[in-house]
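>>> The following block contains a protein sequence and its predicted model.
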Amino acid sequence: MSDRLANEAWEALMTAHARMLRRFAADDWEDLSMREYDVLYTLAKHGPIRVGELGGSVLLSQPGLSRLVGRLAQRGLVERSSDPVDGRSVRVGLTPAGVARQKAVGRRHARSVAEAMAVLTPSELAELDALATKLIDSPPQAVEGTAEHQR
């Protein structure tokens, strides 16, 4: 594979991602931020999960995620509980109010996503899904000189 082609593909992917995020930022999120909605969506999709697992699905640092979860808990949208398997861990799940808010905002967001993706044919959407899933599922590669490689 050529480095140039890989970097051009990466740049196209990042540019598309940035443009889509700007487009969706203009949507009606009610009193939620896009990041708050992302947490609610992830919890709706996966159910109650550990905060560390939640961090694997959203683009926030661990301290930032903890603060965001705290704000959502104060608003009654999520609840924290001890993990029954590991009492040292905290699990986060949606409250009934959180479920309702995620569904209401999610319906509008799903329509907005469908409108944005309408430039692609159904077969192109399926191919995009397959390619993105392949990238997501690929094992991280250790790079010489990184801390992970040096372990």
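Yep, that arrived. Treat the numbers as computed from the prediction; the structure is a model and nothing was measured.
>>> going forward, measure contacts between C-alpha atoms and count neighbours the same way
Noted.
>>> quick one: the strands in this protein?
Along the chain, counting by DSSP state E, strands occupy 49-50, 78-82, 90-94.
>>> To residue 140, which of those lies closest?
Nearest of the strands of the chain to residue 140, taken as C-alpha to C-alpha: strand 49-50 at 21.9 Å.
>>> which other helices and strands contact that closest one?
Contact here means 3 or more C-alpha pairs under 8 Å, 6 or more residues apart in numbering; DSSP states H and E; on that basis strand 49-50 packs against strand 90-94.
>>> Can you dump the C-alpha atoms of the strand it packs on in CSV for me?
Output of strand 90-94 as CSV, limited to C-alpha atoms (Å, rounded to 0.1, in the frame of the first residue of the first chain):
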residue,chain,number,x,y,z
VAL,A,90,-18.9,2.5,38.6
ARG,A,91,-21.6,1.7,36.1
VAL,A,92,-23.7,4.4,34.3
GLY,A,93,-27.1,3.9,32.9
LEU,A,94,-30.0,5.9,31.6
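>>> Point out the other helices and strands that that strand packs with.
Contact here means 3+ C-alpha pairs under 8 Å, 6+ apart; on that basis strand 90-94 packs against helix 34-46, strand 49-50, helix 51-55, strand 78-82.
>>> how far does the second one sit from the chain's center?
This means strand 49-50. Relative to its parent chain, strand 49-50 has a centroid offset of 14 Å by C-alpha atoms, centre = their mean, to the nearest Å.
>>> what sits up against that strand?
For strand 49-50, contacts defined as C-alpha atoms under 8 Å, 6 or more residues apart in numbering pick out 43, 83, 89-93.
>>> average pLDDT across that strand?
In this model, strand 49-50 has a mean pLDDT of 90.
>>> what lines up beside that strand in the sheet?
Applying DSSP bridges, strand 49-50 is found paired with strand 90-94 (antiparallel).
>>> Now do the strand it pairs with and strand 78-82, the angle between them.
150 degrees (axes from the mean of the first three to the mean of the last three C-alpha atoms, to 10 degrees).
>>> Touching, residue 47 and residue 93? I think so.
Yes - between residue 47 and residue 93 there is a contact at 6.1 Å, judged by C-alpha atoms under 8 Å.
>>> neighbour-wise, which of the two wins?
Between residue 47 and residue 93, counting by other C-alpha atoms under 10 Å, residue 93 is the more crowded of the two (25 against 14).
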